[in-house]
Every structure is written in structure tokens, then in C-alpha cells.
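>>> build me a structure from this.
(chains A and B)
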2 protein chains.
Amino acid sequence: MVAKIVNGREIAQSLRQEVSAEIKKLVLKNKIQPTITTVCIGSNPASTLYLKLRDNACKEVGIVSNHLILDEKTSEKKILGAINKLNIDQIVHGIFIQYPVPSHLSQEKLMNAVTPMKDVEGFNAVNLGRTIIGDEHLVPCTPQAVLTILDYEHVPLKGKDVVIVNHSNIVGKPLAALLLNRNATVSICHVFTNDLKMYTTRAEILITAAGVPNLITKDHVNNHASIVDVAVVETKKGICGDVDFQNVKDKVALLTPVPGGVGPVTIACSLKNMVKTYKNSIESV
Amino acid sequence: MVAKIVNGREIAQSLRQEVSAEIKKLVLKNKIQPTITTVCIGSNPASTLYLKLRDNACKEVGIVSNHLILDEKTSEKKILGAINKLNIDQIVHGIFIQYPVPSHLSQEKLMNAVTPMKDVEGFNAVNLGRTIIGDEHLVPCTPQAVLTILDYEHVPLKGKDVVIVNHSNIVGKPLAALLLNRNATVSICHVFTNDLKMYTTRAEILITAAGVPNLITKDHVNNHASIVDVAVVETKKGICGDVDFQNVKDKVALLTPVPGGVGPVTIACSLKNMVKTYKNSIESV
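Residues are numbered from 1 along each chain as shown, chains lettered A, B, ... in the order given. Reported below is the predicted structural model:
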């Protein structure tokens, strides 16, 4: 079977149009422009690229995107203070923390410092808890992008055998919950899994986010599988994902490329979350 | 292989002794007796039995257990008001809602009405979120009991193939998170799973909570499996779980009976959570 190659940029474009139309209506009604602030602590090239892409996306749909740049040696106390200021600032409707953060900081502490109603990334325990129990409000953007792609491509989930290769707090765990909320059967694998192939060959849907180029070869997949590659790895040959794209694409039913797959959709999903935090802020005034 | 049959009552007894000793110390220091209140809306026989067992356990370890009995037709607004009073009552250190609740009430709303620091059951989104991300504080009692049993019986988890049959918010999902936090490979099955046997026969650890007697037969398990049966079903022949106990016990490595397995340990774990909510309350004064 030759795979349907997902066009993430096209899906993202269609999401941006939806968001743009909704923002026009909301601004007309409320006379307030949606504004988000990203807290950047130090810098790294991957984050900078992502930030630029998100800024462009914000601009396109009518969201003001500010950056709060902090030195990479800033103490945790000072950063928590800065987040708290943003939490109570009525002009700021959404807050991002640019991850990864320097190693002297607790990523988890920062995630939980963002007030749940402005938590665009959905990483605060309150929002993560809501996602887990199926009360999906601010759902983390990457898992949301995976679901958006499967939905856009009409891949059914109920009763399907789904395998996720990632068990992190921000990808694997919330993604598993989203799939369970839709009654898929879900297996979660990771670096400690003994026999990855045993799982992946049986998957009707395989979602991989390990960050290991060529981890998923054509021997790991079956003919009817839909494969979503979440990984983004910089190599000498350019950006790639976990999947051996050239060999897998002729075997499976559906495949997302890297770049141009999950990435753009993730950014578009962050715009959707920004609309939600904007509404939360406006409605709470 | 003839299975090691887990003695849940013995494990529970040892937990109660630990809790009892800790409470003695805390009361000596703080001069305040730990007190919990259970909100009972209407009544059903299973809940009443469970309540009685918990009351006995509380008495044994030195916790005062009160009941707030509400008529089964009480409005949601009134119940939320009553929960809020308990939230701010300094004499109450922990709150239970007796589930299931009558059908005109939203179980989820009640769970989230309990203030996180007094939430003995760990069902509030904040506590569930913390459990998910590995910041395990008030962990739901049934998943906690499963982990306690596996730990007590020295069953390793890291890299093991674990299958859970249940995808509810209060058992399957938090249990999956606890196992992922310990680097097990986890598959979550349920009523919509197409081929349950494909999953269960491969499981090194099988945890089942479907509430379907004889769902798990000897054809569903492998010789080296450890099996934890969480289900409690009342039948004409008495209380049983999901596992065909008589036939499975001669095949697997470890098996929990019903009754006398997970049940008593769950109640003991709720005592451990009560100590935590007591400490939260005392420390916040």
C-alpha cells in the first residue's frame, strides 16, 4: 500500500482561518485585542525557531504576541514572581513558558505557576487533570494536534489498537488520555519497553515521539497502519522524525512527514488554545 | 505453576499499624484528633458496607469518622454548599463523597468541589493532575492499593508489560499513570477492545477491574503472570472478581483473591491519604 501523506501545512492553514474568523468576531464584540506573553529564559536555537513560527501565526490571525526575555541565570524566585505578575495582568490573556528551561529551574514548578485560565499550553495540573477525566478544555497542543490530524483524515479511534511511543507528561500521558476518552485501546511504550516491535507491528494507529531517527522501520509497522510522527530531530541531512520515511511510506495507509506534519498543526492548535484563554480572561472580568 | 495467593487482609493490617503509629505521634504533637467527614447522599447497600468497613478502620487507627447524611433528592446546589462548608471547617481534615451518587448529580462536579487539600480520594482535577505528572500526593485509593500490593509482593515494574482492563477516571487512567511513572510499558483495555486475549496473554502483570465475573479465564493468562483482580461483583454464589479464580490459580505466578485481596488494602490506603489531608490542614493553619 502507498501511504496517504498528510499535509500538515494545509490542515494548519484551515485551522488558522477558523481561528482568524473567530477572533474577528470576538474583537468586534469586546473591543480588546487578544494578547499573549511568552516567558523566554535564556535561549536555544530550536526554541527560537518555534517562537518565530508561532509569532508569525499569531500575527496572521490577529493575536498580539509579546516576549518577556529573562537572562538564563535568573533565579526561580524571580521567574515565579514574573509569572505571577502576568497572571494578574488584565492585558495579558495567555501565558507561554518557552521550554526547555535552564537546568537550575523546575519545569514542573513553572508549569504550575501559570494560572490555569491563562495556561495556553495546558500543562498546569488543573488543566492536565481536566484533560485526563475527559473534561477537555486547555489540552496540550501536541497531543491536540495528533487528534486533529487523525480527525481531519477520518481515521476512526473507537476500539482501535493504538500504540504511543512516548510516556512524557506533555505528550504521551495526555495523548493516551485523549485516546481513552474516545474509547481506543491504548498501549504506551518508551525507552524501557523490552520488545517495541511486538507493540508497533500490531498497531492500527502508531504515534511516535521518541526523538530517535529511524527508530520505526518498515519492519515495525503493518500494512494498514496510520502513522503519526511527532518527533523533530536535527540531523546533518536536515530535520527528520522517528520514522524511516522513505521505506515506510510504501507500506502503510497513512503517514505524517517531518517537517510539514504535526509541527504546523501544533502551532495552529496553540492558537485555538489562545482563543480559549482570551475568552476565559474576558469572561472573568 | 501454582500461584502465590496474595493476603490483602495481612497487607492492610500492616498498613494500619504504620498509620496508627504515625497518628499517635501527630496527635501528641498537635493535640488535635484527625477527623474526616463522609457526605452520603441517599444510600445503597454496597456503599453502606464499604462505609462501615472504613469506619471500623478509622476507629482502629484513631481517626474520627463522621457522616453527613443527605436525602437522595437533595439538589446539587445544596450539596455543593454543604461541601463548601466542610472545605472551610477547621475541625474537618478530610472529605469523602460516597459514590455512586444519585443520577441527578454530576459526580465530576462533586469531585471538583472538594478542596484539593482535603480531597482524601484524590479525585479533584488538581490531585489527579499531580498524580499524572508523577508528583504523587493524594493518589486515588484503588490504584494506590494495586501498587502497594505489587510492591509488597516484590513484583518489579520497570520495563514490564502491564495490561489494565479498565479505562475509568478513578481506576484505569490514574493506575496507568502510576505505572508509567515507574517506567512500565502499559496497555489499557476496556469494553471496546477488539481482542482482549491478544493483550492479556502477553501481560507480565494483569490488573483487571471490569466487574464481569469469569472475564479472565486460564486461556487469557500466561504462566508467569502476576494478576491483580480489582473487581467486586455480588453474585448468587457470593462476592467475586473478574478472574475465574479456581482455574487461573493453578496457572499463574501471583493472584489476588476476591474478597480479601485489593479491597482491604484500598481501605488501608484511604487511611494513609487521611493522614496526608490531616497534615495539609494542620500545616495550613
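
>>> least confident secondary structure element in chain A?
Least confident helix or strand of chain A, by mean pLDDT, DSSP states H and E, is helix A:45-61 with a mean of 91.

>>> I'd like the next helix or strand past that one.
strand A:64-70 (DSSP states H and E).

>>> can I get that next one in PDB? Just the C-alpha atoms.
Extracted in PDB, the C-alpha atoms of strand A:64-70 (Å, rounded to 0.1, in the frame of the first residue of the first chain):
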ATOM      1  CA  VAL A  64      -0.500  40.200  19.800                       C
ATOM      2  CA  SER A  65       2.500  38.100  20.800                       C
ATOM      3  CA  ASN A  66       4.900  39.700  23.400                       C
ATOM      4  CA  HIS A  67       8.100  38.200  24.800                       C
ATOM      5  CA  LEU A  68       9.400  38.600  28.300                       C
ATOM      6  CA  ILE A  69      13.100  37.900  27.900                       C
ATOM      7  CA  LEU A  70      14.900  36.800  31.100                       C
END
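
>>> thinking again about what came up before, what's the angle from the least confident helix or strand of chain A to strand A:64-70?
Orientation note: helix A:45-61 sits at an angle of 150 degrees relative to strand A:64-70 (axes from the mean of the first three to the mean of the last three Cα atoms, to 10 degrees).

>>> what residues does helix A:45-61 touch?
A:12, A:16, A:19-20, A:23, A:36, A:38, A:40, A:64-65, A:67, A:98-100, A:232, A:234, A:264, A:267-268, A:270-271, A:274 (Cβ atoms under 8 Å, 6 or more residues apart in numbering or on different chains). Just so you know, the C-beta spots here come from the backbone N, C-alpha and C atoms, and that holds for glycine as well.

>>> state the mean pLDDT of stretch A:197-213.
For stretch A:197-213, the mean pLDDT works out to 98.

>>> and it, how far out from the chain middle?
Here stretch A:197-213 shows a centroid-to-chain-centroid distance of 18 Å under the convention Cα atoms, centre = their mean, to the nearest Å.

>>> enumerate the residues of the stretch 51-200 of chain A near chain B.
A:108, A:124-130, A:132-135, A:158-159, A:161, A:167, A:169, A:172-174, A:176-177, A:180, A:183-190, A:192-194, A:198-199 (Cβ under 8 Å from any Cβ of the partner chain).

>>> for the residue nearest the centre of chain A, give me its contacts.
Closest to where the C-alpha atoms of chain A average out (Cα atoms, centre = their mean) is residue A:142, at 1.8 Å. By Cβ under 8 Å, 6+ apart, the contact set of residue A:142 is A:170, A:171, A:175, A:209, A:230, A:262, A:266, A:269.

>>> closest one of these to chain B?
Using Cβ to the nearest Cβ, residue A:170 comes nearest to chain B of the contacts of residue A:142, at 8.9 Å.

>>> can you show me the strands along chain A?
Taking DSSP state E as the test, the strands found in chain A are A:4-5, A:35-41, A:64-70, A:94-97, A:161-165, A:185-189, A:205-208, A:226-229, A:233-235, A:238-240, A:254-255.

>>> would CSV of those with mean neighbour count and distance to residue A:150 be doable?
Putting these into CSV (neighbours: other Cβ atoms under 10 Å in any protein chain shown; distance: least, Cβ to Cβ, whole Å) gives the following:
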stretch, mean neighbour count, distance to residue A:150
strand A:4-5, 14, 12
strand A:35-41, 22, 27
strand A:64-70, 16, 28
strand A:94-97, 25, 25
strand A:161-165, 27, 9
strand A:185-189, 27, 13
strand A:205-208, 28, 7
strand A:226-229, 27, 7
strand A:233-235, 12, 22
strand A:238-240, 14, 21
strand A:254-255, 24, 9
